[in-house]
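Provided below are the primary sequence and the corresponding predicted coordinates.
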Amino acid sequence: MQSPLALLFPPQCVSCGEPVETAFGLCGPCWRQTPFIDGLICDTCGTPLPGEDDGHVTHCDDCMSIARPWARGRSTLIYKDNARKLVLALKHGDRLDLARPAGAWMARAVADILDPNMVVVPIPAHWTRLFQRRYNQAAVLAKALAAETQLVFAPDALIRPRRTNPHDGMSLEARFTNMQDAIQPHPKRGVQLSDRKVLLVDDVMTSGATFAAAAEACQVAGATEVRTLALARVVKDA
């Protein structure tokens, strides 16, 4: 029997608003238009790869040619179609309600590389970005993920002492140069990462330059290992 509240406010698809059976879910058409990553993936960044998953560790071309200062990584969605729409709604459209379903999706994507003693750490935002948006979407996602997985959440273990330029249109080399020394351990709260495994969380991974800068900062803070998780992965020719 439905509650009076459910009768007054029936569950709606978080993407299009159409009626759905359970709250914080996608309707059938939106689900089919949302490219979830499964099957064979790169063990370092989570990008989908051609072929069958035979249980062996595989890596994409980027992760074989670019030094990655983290051990393993996962991504939840391919950054296109309805996935792109959802990410942009969370990032720029004040759709904080999307964090709850995204947290559950991300928890499933990263389940095989979680450690019960991990600390969940969001990619930090510069204070000017926070002033403009009023929230850090990576922190919102990381908090939802930590609640879903019951892991420790450390929202302020890392800081972004200088504002970086947007990466749109930048070359690969320029992206990494732009992020050099842009992320550091918090002078006081960075100690939360000492002798701990860290799971870094961000909304989108493209080149990996931001994750690399954050992973290096975690290592400076004394983290024993860093793993990464992105809500969406930009995939070549996707």
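Received the coordinates, thanks.

Show me where the protein dips below the pLDDT cut-off.
Residue ranges of the chain with pLDDT under 70: 1-9, 238.

Strands of that one, start to end?
72-78, 119-122, 152-153, 158-159, 184-185, 197-205, 225-233 (DSSP state E).

ok, and what's touching the first one?
Under the contact criterion CB atoms under 8 Å, 6 or more residues apart in numbering, strand 72-78 has outside partners 34-37, 41-48, 83, 86-87, 102, 105-106, 108-110, 112-113, 205, 211, 227-233, 235, 238. Backbone N, C-alpha and C define where each C-beta goes, glycine included.

now do 7 Å
For strand 72-78, the surrounding residues in contact (CB atoms under 7 Å, 6 or more residues apart in numbering) are 34-37, 43-48, 83, 105-106, 109-110, 113, 205, 227-233, 235, 238.

Just the buried ones from those residues?
Those of the contacts of strand 72-78 that meet the buried threshold are 34-35, 37, 43-48, 83, 105-106, 109-110, 113, 205, 227-233, 235, by 16 or more other CB atoms under 10 Å.

can you give me the helices in the protein?
With DSSP state H, the ranges of helices along the chain come out as 4-8, 28-32, 61-65, 81-92, 99-110, 127-133, 137-149, 172-178, 209-220.

Tabulate the ones you listed in a markdown table, adding columns for distance to Arg72.
Converted to a markdown table, these look like this (distance: least, CB to CB, whole Å):
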| stretch | distance to Arg72 |
| --- | --- |
| helix 4-8 | 40 |
| helix 28-32 | 27 |
| helix 61-65 | 10 |
| helix 81-92 | 22 |
| helix 99-110 | 9 |
| helix 127-133 | 28 |
| helix 137-149 | 16 |
| helix 172-178 | 20 |
| helix 209-220 | 11 |
